[in-house]
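Engineer: Below: sequence and its predicted model.
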Amino acid sequence: MPTPQYNLLYDDTVEILSGLPPSLSYHNLSHTLDVVKAAQALAVFEGITNANDLLLLRTAALLHDVGFVNAYQAHEKAGCLLAEPLLKTHGYTPDHIQSIQRMIMATVIPQKPPDKLSAILCDADLDYLGRPDFFSIAFRLKKEWLNHNIISTPEEWERRQLAFLKGHTYFTASAAQRREAQKQKYIEELSHR
């Protein structure tokens with residue numbers, strides 16, 4: 001059985017994501033690398049030590065938004081389709097691919113992770129909601145949504161952002177412990193604007 005070649009997959013994925021249009025000011029290479037880093041950190045906090053699980057989680061984080069190359073809406077499904085041949089080329093087995101695709105699909109909003117690794121990826125994808133860089137990252141998403149006509153006014157953004165934050169729940173105890181209190185402060189701040 002071939003050994004998955006994560007480093008080569010990483011290089012190929014970085015090249016693919018580097019070609020995304022500037023209108024994707026949030027869903028871009030920077031976001032993907034941030035999610036990979038957050039997923040790895042959460043895995044440690046959650047006690048994930050199995051090397052195969054860590055590889056699959058890191059790979060799913062790397063590929064979770066690759067679908068933006070082909071689609072804005074339903075990019076997770078597009079990403080799963082794009083990821084499959086990439087993963088095969090880099091030595092991932094059909095079981096690996098199925099697990100990675102399951103994790104990618106768990107990031108569809110509203111998130112519904114079916115297992116622990118998917119929960120970690122979902123929390124990593126939205127890790128910024130409770131971090132000090134929340135407003136700068138949220139600004140990039142606002143700009144992207146304006147570029148793609150998802151919102152039409154800053155007021156609509158404020159309403160949707162606040163509703164999203166209020167409805168959001170972290171799935172892992174580690175993410176909740178590390179991020180929830182700060183997220184609640186942002187909700188309070190946005191509620192009084």
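Structural biologist: The structure has been received and is ready for your questions. Numbering: from 1, shown residues only.

Engineer: going forward, measure contacts and count neighbours with C-alpha atoms only.
Structural biologist: Fine.

Engineer: In the helix or strand harbouring Lys185, which residues are buried?
Structural biologist: Element membership of Lys185, judged by DSSP states H and E, is helix 173-191. For helix 173-191, the neighbour count (16 or more other Cα atoms under 10 Å) marks Ser174, Ala175, Ala176, Arg179, Glu180, Gln182, Lys183, Tyr186, Ile187 as buried.

Engineer: Which pair of those residues spans the longest distance?
Structural biologist: Maximum pairwise distance among the buried residues of helix 173-191 (Cα to Cα): 20.0 Å, between Ser174 and Ile187.

Engineer: got the contact list for the closest residue to Ala61 other than its chain neighbours?
Structural biologist: Residue nearest to Ala61 in three dimensions, not counting chain neighbours: Val36, with 5.0 Å by Cα to Cα, 6 or more residues apart in numbering. Listed by Cα atoms under 8 Å, 6 or more residues apart in numbering, the contact set of Val36 reads Arg58, Ala61, Leu62, Ala124.

Engineer: Give me the buried positions along the helix or strand encompassing the second one.
Structural biologist: Okay, so that is Ala61. Take DSSP H and E as the rule and Ala61 turns out to sit in helix 51-63. By neighbour count on 16+ other Cα under 10 Å, the buried set for helix 51-63 is Leu54, Leu55, Leu56, Leu57, Arg58, Thr59, Ala60, Ala61, Leu62, Leu63.
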